[in-house]
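Q: When you get a sec, could you give me coordinates for this:
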Amino acid sequence: MKSSDRIVAKPLRNIWLSEVLNSLANELLDVEREQILMKLTRGSLCVACKGARFLCGKTRCSIIVKTNYFLRSLSLVRGDELVGSSPPGVFVGRIGYPYVYAGPLVPPLVEDTSIYDVPELWFGKTIDEIVGFRSMLIRGKYPVHVKKFEKAGKIFDITQELALAANPVDVELILKKKPSGFIILDDEVQPFGPSAPIRDIKAGNVRWDDKVEKAYYDTDMKAADAVLELYQRGVLVTKIQRAFSVGALGLGKNRRLVPTRWSITAVDSIISTALMDMVKTYPEIDEFRVYESRYLDNVFEILMIPGKWSYESIEAWYPGTVWNPSGKSIVMYSDWEGFEGRTTYAKIGGCYYAARLAVCEQLVKERRQAMVVVMREIRPGYIMPVGVWQVRENVRNAMRNLPKTFRNLQEALNFIASRFQIPIEKWIQQSELIKQCLFQKKITDFLEHLKSR
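A: Numbers count the residues shown, from 1 in each chain. Here you go, the predicted model:
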C-alpha cells in the first residue's frame, strides 16, 4: 500500500484510528484507498482508549471488530463492478424521507448466501460470525420517492423482485464508484457492509415465494391483513418485513416504500397486536412462571403472573454498552400497557414489539393469558448492536424451554434475583406491573377478607 493510499478516518482527524485502519488494511493486500467514516465525538473515550484499554467497559473494541470485517469485504470488490448472490436481501433507508435510497444487498460471493439475511437462523451464532457475513453485504442504493416507486424504473423493479425471491439470486451491480461508507451501529437493524450508488443492475432468474407472490398480486387486501395472512401461512417474519418494506403489500393505491427500520417494528406490532387480541379471550394461567434465555451477553428473565393480559418490557444497560457508552452506572428503560393496549409508540423502541410478539406466540399456543414482564439485562459483552431480531429470537428461545414455576410472586422474584447481577429492588422500582401486584390491593382480596370473617 502506498503512503498516498492510506485509509483516512473522517470527519475527525483521529490519528490513532487512521493507524488502526491502516494496520488492518496492510494485512489485506488487495485493499485500495478507501474512506471509512466513523461517527466519533470530540472528547470521546475512543481517543484515549485507542481500542486497547477498554475504557468504555466493553470486553472488546466494537469499532475494531466491525472495521476488520468491513475492510475484508472491501478487499473482495474489484473496481465499480460487483457480481454476487443476493441472499436475497434489500435495504430501504429513511434519511431524506419521502425521498429515500433503496437497493439490494449483494455480497461479492457466488454461493449459497441465504443465511446472510435470515435472522431466524442466527440464534447461537457469535457476534463475530454475524458481523462477518453481514459485513460482506454490499448495499447498492438508488434514490426513490416512497409514493412513486412504480416510476423509479428498472433498478427498483429488480430490487422489488429480489425482496420477494424465495432463494438467493445472482446479481451483477454496476456502481457509480467503488463502495465505501459509515461503520454504523444500530440496535434496530442488523449490520451490513459498505455502500455505493447504482448505475445499472442485472439479475438472474428470480423465483418468488409463492405465498408472498399471492399477497403481492392481491391489491384489494390491506397491508395489515396481508401481513397476518402471510404469518398464519408460516412465512418467516423477516420475509414479511422485507415485502412490507418494498411496497409489495396492501391496497394498490396505498402501496408505498417503508424504511427497513420502520418496517421491522411495524410488522412485529401488527402481528403481536392480532395475537394479543386472541390471548385476551383465553383463561388465565394459574401459576407464577419464569422463562430464561442468555445469548450475546443479553440475559432475559420473563415473568408471567396469573391475571388479565398486560405487558411490560424493561431493559438495563451496563456502562460501556451501546446505549450507555460513557455512563458510570446502569441505565434502565421501560414501558408497559394494560389490558386495553396502547396508542403511543413504546419509549424503548422496536425491542418492545419484538418481545411482545414472542410472548404472545407462546400464550396463543397454550391458549392462556397472563401478566407478562420481560426483563433484559445487557452486559458489557454485548459490544455492538446486531438488530432487534436478537430480542425476538432470545424471547422465543426462552419460550421454547420449560419455565420455572412458583407458588407466589415473592418466590418468583427471589429466583429472578439469583439470575441477575442487578439487585431485584431496582427491577421492582422500575416495573409498573410488579409494583401493582405487590402493593395494590384487589377487590378480590377484599371479598376474600369478608368471607374469612
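
Q: how about low-confidence regions in the stretch 201-350 of the chain?
A: 320-327 (pLDDT under 70).

Q: should've said the stretch 51-200 of the chain
A: 51-71, 181-189.

Q: Show me where it has its helices.
A: Taking DSSP state H, counting those that start in this stretch as the test, the helices found in the stretch 51-200 of the chain are 62-74, 127-134, 154-163.

Q: One more: the stretch 301-450 of the chain?
A: 350-366, 389-400, 409-419, 424-430, 432-439, 443-452.

Q: of all those helices, which lies closest to Phe300?
A: helix 389-400 (5.1 Å; C-beta to C-beta). From N, CA and C alone the C-beta is placed, and that goes for glycine too.

Q: Name the residues that touch that closest one?
A: 119-120, 122-123, 190, 237-238, 264, 268, 291-293, 295-296, 298, 300, 302, 351, 354-355, 357-359, 361-362, 374, 376 (C-beta atoms under 8 Å, 6 or more residues apart in numbering).

Q: ok, now with 7 Å
A: 119-120, 123, 190, 291-293, 295-296, 298, 300, 302, 351, 354-355, 357-359, 361-362, 374 (C-beta atoms under 7 Å, 6 or more residues apart in numbering).

Q: Buried residues, that helix. List them.
A: Across helix 389-400, burial judged by 16 or more other C-beta atoms under 10 Å covers 389-399.

Q: Could you list every helix and strand in contact with the helix or strand where Ala274 lies?
A: Using DSSP states H and E, Ala274 falls within helix 260-279. The contact analysis (3 or more C-beta pairs under 7 Å, 6 or more residues apart in numbering; DSSP states H and E) places helix 260-279 against helix 223-232, helix 237-245, helix 350-366.

Q: helix or strand right after that helix?
A: Following helix 260-279 in sequence, per DSSP H and E, is strand 288-295.

Q: Pull out the buried residues from that following strand.
A: Applying 16+ other C-beta under 10 Å to strand 288-295 flags 288-293, 295 as buried.

Q: Go through the residues you listed and say which is closest to Arg368.
A: Taking the buried residues of strand 288-295 together and measuring to Arg368 by C-beta to C-beta, the closest member is Arg289, at 10.1 Å.

Q: so how far is Met304 from the closest one?
A: 4 Å (C-beta to C-beta, to the nearest Å).

Q: on that earlier part again, Throw the buried residues of helix 389-400 into JSON lines and include distance to Leu438 and pLDDT, thanks.
A: Shown next, in JSON lines, are those (distance: C-beta to C-beta, whole Å; pLDDT from 0 to 100):
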{"residue": "Trp389", "distance to Leu438": "33", "pLDDT": "95"}
{"residue": "Gln390", "distance to Leu438": "30", "pLDDT": "96"}
{"residue": "Val391", "distance to Leu438": "26", "pLDDT": "97"}
{"residue": "Arg392", "distance to Leu438": "29", "pLDDT": "98"}
{"residue": "Glu393", "distance to Leu438": "31", "pLDDT": "97"}
{"residue": "Asn394", "distance to Leu438": "26", "pLDDT": "98"}
{"residue": "Val395", "distance to Leu438": "24", "pLDDT": "98"}
{"residue": "Arg396", "distance to Leu438": "29", "pLDDT": "98"}
{"residue": "Asn397", "distance to Leu438": "28", "pLDDT": "98"}
{"residue": "Ala398", "distance to Leu438": "23", "pLDDT": "98"}
{"residue": "Met399", "distance to Leu438": "25", "pLDDT": "98"}
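
Q: Break the protein down into its domains, please.
A: Structurally, the chain divides into domains by automatic domain parsing as follows: 3-203, 215-275, 280-443.

Q: Endpoint to endpoint, the shortest one covers what distance?
A: Length of domain 215-275, first residue to last, C-alpha to C-alpha, to the nearest Å: 20 Å.

Q: Doesn't Gly247 belong to a helix?
A: No. According to DSSP: H, G, I helix; E, B strand; the rest coil, Gly247 belongs to no helix; its state is coil.

Q: Excluding residues flanking it in the chain, which one is nearest it?
A: Sequence neighbours aside, Arg255 is the residue nearest to Gly247 in space, at 4.5 Å (criterion: C-beta to C-beta, 6 or more residues apart in numbering).

Q: Tell me, how many residues neighbour that neighbour?
A: When neighbours are defined as other C-beta atoms under 10 Å, Arg255 has 19 of them.

Q: what about it, distance to Ser313?
A: Arg255 is 31 Å from Ser313, by C-beta to C-beta.

Q: same check, this time on Ile155
A: 39 Å.

Q: among the helices of the stretch 301-450 of the chain, which is nearest Pro380?
A: Here helix 389-400 is closest among the helices of the stretch 301-450 of the chain (C-beta to C-beta), at 16.1 Å.
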